[in-house]
Each structure stands twice: as C-alpha cells, then as structure tokens.
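Undergrad: Here is my input, please return the structure:
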Amino acid sequence: KKVLEFKIVGEYSNLEFFYIPEGFYVKEVLIDGEPAEYEFDVISMTVEGLYDVTYVCEATNRIYSFQTCVDRTAPVLSLEELDKKGRAKGPVDLSDREAGTYVKVVLEGIEIEEQELLTESGKYTVTIYDMAGNSTNYNFTIMLYFNMSSAVFILLLLAVVIGVVVYIVVSAKMLRVY
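TA: Prediction:
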C-alpha cells in the first residue's frame, strides 16, 4: 500500500484531470474566479483558465490549495517567409512568438543556439514550447540565397576578373617584339 501519493502542479499546466489523493476531499474549485462543478475525488480540468483548488485532509481537517493556469493551446509562429512547400528564399524570422515561449532549433540534424533570425541555408526543424508544455513543430528548408555579403563577394570577384582581362588586353597591345 502507498503511504503517500502526491502530484506537483506548476503555475501552468495542461492537465485534463486532477485526482485528489486518498484521505482528502475537494472543498472548492474556482475557474477564473467563478465556482465550478467537481466531484468528491477528481477535478475535471478540461476548460482552459485559471484554477483555484481547495481540498481538505479528512484525518487532520487541514486545508490545502493550489493555483494553476490550464492551457492546452499550442503556441504558433507565423513563418511568413515560407512558401506552400515549406521553403524560404531568404532568412526566416522567429521573433513573432508570444511571451513565455522558447524555441528549439535543429539545422541538418544538429541543435543550434536559439536565434530570432535564421539565415543559414539548410533543412530546419523548429519546435516552439509554452510554459504549460504545449508545443508546435515546423519543418522547412531555407534555400541557397544571395545576401549583401555574397553580392559584395561576387562583385569583388567580377572586378578582379575584369581587372585581369583588362591588364592582359592592355599588356598585349603594348607588347613590342624586338
């Protein structure tokens, strides 16, 4: 027989039911400050909102309570840069996420540091989590694209090629055979 059983409920939760431990009973349940229906030993937490739960130990008559915000809505990112096939032709912005969320970014199978703007080309898996443990997963590819640095590099390379061609042409015209 179990001597003691308990469940730690955090500030945010995505619980569907809270089972009252043996030897206890529910005294009151409020959802967003309004009285809610409950059973003697189980609380249905199917409605999202702020729960205030008070329950009593039958043996000691001691009152216990907890408060948790039930949230089952997964966070989302807009990812407006992606086309219908999940491809981006430039950087992808992750900054539109709601407060209290965090992001896990995996590029080509390797987890990278969380960033607001993804610029490196490759296949990404981005998962956004909220404080209640809900998550949304996104898979997309950032295609090879030209940014300002690559454009400057191409222009410099082109300038060097043109310079070499001009030098060869001018040198050939000035070439004197004795």
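
Undergrad: mind listing the helices for the chain?
TA: 148-174 (DSSP state H).

Undergrad: Tell me which other helices or strands the helix or strand bottoming out on mean pLDDT in the chain touches.
TA: Within the chain, no helix or strand scores below helix 148-174, which has a mean of 82 by mean pLDDT, DSSP states H and E. Taking 3 or more Cβ pairs under 8 Å, 6 or more residues apart in numbering; DSSP states H and E as contact, there are no helices or strands that helix 148-174 lies on. For glycine as for every other residue, the C-beta is placed from the backbone atoms N, C-alpha and C.

Undergrad: Show me what counts as buried in that helix.
TA: Within helix 148-174, no residue counts as buried by 16 or more other Cβ atoms under 10 Å.

Undergrad: what's the answer for stretch 23-38, then?
TA: Buried, per 16+ other Cβ under 10 Å, within stretch 23-38: 24, 26, 29, 31, 36, 38.

Undergrad: Skip the chain neighbours and tell me the closest residue to the last one.
TA: Distances taken as Cβ to Cβ, 6 or more residues apart in numbering place residue 29 nearest to residue 38, at 4.5 Å, with adjacent residues excluded.

Undergrad: Which ones among the buried residues of stretch 23-38 map onto strands?
TA: Under the assignment DSSP state E, these contribute 24, 26, 29, 31 to strands.
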